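Enquirer: sequence plus predicted model, see below.
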Amino acid sequence: MPHLLPSLDYPYEGLEPHIDAQTMHLHHDIHHKAYVDGLNNAETKLAEAREKGDFALVKHWSREEAFHGSGHFLHAIFWKNMKPNGGGAPTGALAKALERDFGSFDAFKAQFLAAANAVEGSGWAILACQCDNDKKLVILQAEKHQNLTQWSVIPLLAIDVWEHAYYLKYQNKRAEYTKAFMNVINWEDVSARFAG
């Protein structure tokens with residue numbers, strides 16, 4: 001069954017003034033759709049290779065599947081991680097876990113923003129859960145999203161710091177974009193991911 005571009009839970013302009021409608025339209029409808037299309041194409045080509053027993057291009061199509069699959073997976077989380085009038089701080093079990101693993105919410109926020117701002121080139125900053133380790137929370141940088149460094153983690157909160165996510169509004173001022181992102185975080189979604 002082919003992968004589908006998920007719909008947004010809010011209108012393109014719903015995250016303004018922090019993230020503009022034009023960027024949301026381009027980012028979701030063009031960039032994310034390209035990942036979905038690329039993933040579907042790679043899976044089709046790999047199925048054809050299996051049917052024909054011809055694996056001459058398996059390395060290429062496996063890389064395409066990893067690249068587009070990771071892009072689709074992380075973007076699907078990214079859209080749900082945001083909402084109009086979001087931001088603030090989480091409550092409940094997630095808030096306690098952030099305090100346990102980072103010392104305080106402010107310390108988490110400082111490290112998360114620093115990690116996002118320090119990603120070299122394009123990539124992501126991700127708050128993730130090490131589910132095999134008492135649900136310990138960690139912050140990762142994914143400079144190539146298909147090459148995540150910790151395979152046992154589950155992403156809870158992801159911020160896209162590829163330039164297409166912010167360049168129309170913020171140009172080369174990534175730190176302004178990441179700071180604005182904190183105002184649209186859907187902590188209910190992040191908390192539900194953590195609870196699950």
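Expert: Structure received.

Enquirer: how about residues contacting stretch 89-107?
Expert: Stretch 89-107 is contacted from outside by Phe108, Gln111, Lys135, Lys136, Leu137, Val138, Trp187, Val190, Ser191, Phe194, Ala195, using Cβ atoms under 8 Å, 6 or more residues apart in numbering. Bear in mind the C-beta positions are built from the backbone N, C-alpha and C, glycine included.

Enquirer: alpha carbons of the strand or helix carrying the first one, as CSV, please.
Expert: What it means is Phe108. Using DSSP states H and E, Phe108 sits within helix 105-118. What follows is helix 105-118, C-alpha atoms only, in CSV (Å, rounded to 0.1, in the frame of the first residue of the first chain):
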residue,chain,number,x,y,z
PHE,A,105,12.6,22.5,31.5
ASP,A,106,14.7,25.6,30.9
ALA,A,107,17.9,23.4,30.7
PHE,A,108,16.1,21.1,28.2
LYS,A,109,15.0,24.1,26.1
ALA,A,110,18.5,25.6,26.1
GLN,A,111,20.1,22.3,25.0
PHE,A,112,17.4,21.6,22.4
LEU,A,113,17.8,25.0,20.8
ALA,A,114,21.6,24.8,21.0
ALA,A,115,21.5,21.4,19.3
ALA,A,116,19.1,22.6,16.6
ASN,A,117,21.2,25.7,15.9
ALA,A,118,24.4,23.7,15.7
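
Enquirer: what packs against the longest helix along the chain?
Expert: Taking DSSP state H as the criterion, the chain has its longest helix at helix 58-80. Helix 58-80 is packed against helix 33-52, strand 153-160, with contacts defined by 3 or more Cβ pairs under 8 Å, 6 or more residues apart in numbering; DSSP states H and E.

Enquirer: domain assignment for this structure?
Expert: As assigned by automatic domain parsing, the chain contains the domains 20-80, 92-195.
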